[in-house]
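>>> Quick one: sequence plus predicted model below, questions after.
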Amino acid sequence: MSEWRTFEKRTGAVVRCWQIRREGIRCHMAWGVSGGVARGSSMTLDDEAHAERHFKRKISEKRRQGYVEVADDALRRPPRAPEPAPDAKLLDVMREQAERKRPGSWEEAWAGHEPVPGHEGAYVKHFPFPGGGGPFRQYLVLVDDGRKGVQFVVKDRGYDAEAVSAFLGFVTPRWHLLFGGTPHHKVRLDVPVGPFSHVLFCGPSLCAGRDRGGRIGEVSPIHDCEIADADNETFVEARMRGRSRETIPSTTWDREPFPVIDLRYDLQSTVGTFETLRRTALRQKKFKTGTRELLERILPMLIESTPESFVEVRSFRGDVMAVTRRDLTPDTLPAIDRFVRGLD
């Protein structure tokens, strides 16, 4: 993880500050007035090479705007907590972090956790929240002699104690997959758990483990069609925690599949501008995570597009289905649904 690089720009008596650092495939930025409280944002890029290019490009942009790099940190951010000792127990780390934020909060946070019968080191807490996402159970399994943890959530809707027990029996002996340096693993279950055939193991870089000194990984039961075998960290993060309403609802265990719908398209209007967008062209040169909602919006645009225009859909298997204006039929969308679920 790189250190923050700080840049300043003076306008009269005002000194504006901007900072950036890269952490793997993520770039973090902060900005504000010297001596003030920083505001910030983060961006996840396609891979480390893309993140490095973005990192350098943002620095070049700021230099062109008149910012000059300085050695000191002129923005006020909460001091970074010291890294816990390698052999520290996870619960001790969690307790220290909670107490640092508010004395006495750890007892409140841990209250209600109960051991899971038949599964050593596994604890569950029921959150009976009404409304919203509804009530759920949060599981934490202590592994590696209590130094690390495996976490997952199950909503009351779809909860089945036997299915959860079978899931715990599968993932607990494989906890090392979360901490081997690879961000994620998609693993086939020996026996299906409920409707699910696979488990997604997400390492600390993809989950709350980043806030626990890299000591917590997350697991989720998934349908085969929901994560592509060749997915990189960016695609997995987008499918699991993106801003779309069609991200995988991994905490609901009686759900229908949310298949991979990666999209690439080039649409050129033949009627001036597309009525829904007021644009003459719509392009996405590289495959990116898409949604069925987006697919439903862009497919009809082929009707008023040039013959060379296309929409390409990539499935979890890496297969690509191309659709042009002459391919459109009433069965096109159902055919894509079958394709992305691997039913054809």
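On my side now, so go ahead. Numbers count the residues shown, from 1 in each chain.

>>> Spatially central, which residue of the chain would that be?
Glu237 (2.5 Å; Cα atoms, centre = their mean).

>>> what packs against whichever strand or helix holds that one?
Element membership of Glu237, judged by DSSP states H and E, is helix 233-241. Secondary-structure packing of helix 233-241 (3 or more Cβ pairs under 8 Å, 6 or more residues apart in numbering; DSSP states H and E): strand 39-44, strand 196-202, strand 281-289. Heads up, the C-betas are built off the backbone N, CA and C, glycines and all.

>>> 10 Å instead?
Using 3 or more Cβ pairs under 10 Å, 6 or more residues apart in numbering; DSSP states H and E, the elements in contact with helix 233-241 are strand 26-33, strand 39-44, helix 48-64, strand 184-193, strand 196-202, strand 216-222, strand 262-268, strand 281-289.

>>> Mind pulling the model confidence for the residue nearest to the centre of the chain?
Note for Glu237: predicted pLDDT of 89.

>>> what about it, distance to Ile20?
As judged by Cβ to Cβ, to the nearest Å, Glu237 and Ile20 stand 20 Å apart.

>>> Where do the helices of this structure begin and end?
With DSSP state H as the criterion, the chain has helices at 48-64, 90-101, 105-110, 161-171, 233-241, 292-298, 332-340.

>>> which one in the chain is furthest away from the centre?
Distance from the C-alpha centroid of the chain, by Cα atoms, centre = their mean, peaks at Gly12 (42.0 Å).

>>> Thr291 is in contact with Thr247, correct?
Yes. Contact criterion Cβ atoms under 10 Å: Thr247 and Thr291 qualify, at 8.9 Å.

>>> Just the CA atoms from stretch 103-123 would do, formatted as PDB, please.
Extracted C-alpha coordinates of stretch 103-123, given in PDB (Å, rounded to 0.1, in the frame of the first residue of the first chain):
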ATOM      1  CA  PRO A 103     -15.800   3.200  25.500                       C
ATOM      2  CA  GLY A 104     -18.200   0.400  26.500                       C
ATOM      3  CA  SER A 105     -19.400  -0.300  22.900                       C
ATOM      4  CA  TRP A 106     -17.800  -3.700  22.600                       C
ATOM      5  CA  GLU A 107     -20.000  -5.300  25.300                       C
ATOM      6  CA  GLU A 108     -23.000  -4.000  23.300                       C
ATOM      7  CA  ALA A 109     -21.700  -5.200  20.000                       C
ATOM      8  CA  TRP A 110     -20.800  -8.700  21.300                       C
ATOM      9  CA  ALA A 111     -24.000  -9.200  23.400                       C
ATOM     10  CA  GLY A 112     -26.300 -11.700  21.900                       C
ATOM     11  CA  HIS A 113     -23.600 -13.800  20.100                       C
ATOM     12  CA  GLU A 114     -24.200 -17.500  20.900                       C
ATOM     13  CA  PRO A 115     -22.100 -20.600  20.000                       C
ATOM     14  CA  VAL A 116     -23.400 -22.600  17.100                       C
ATOM     15  CA  PRO A 117     -24.000 -26.200  18.300                       C
ATOM     16  CA  GLY A 118     -21.700 -28.700  16.600                       C
ATOM     17  CA  HIS A 119     -19.400 -26.100  15.100                       C
ATOM     18  CA  GLU A 120     -16.300 -25.200  17.200                       C
ATOM     19  CA  GLY A 121     -15.400 -21.500  17.100                       C
ATOM     20  CA  ALA A 122     -18.700 -20.600  15.300                       C
ATOM     21  CA  TYR A 123     -20.900 -17.900  16.800                       C
END
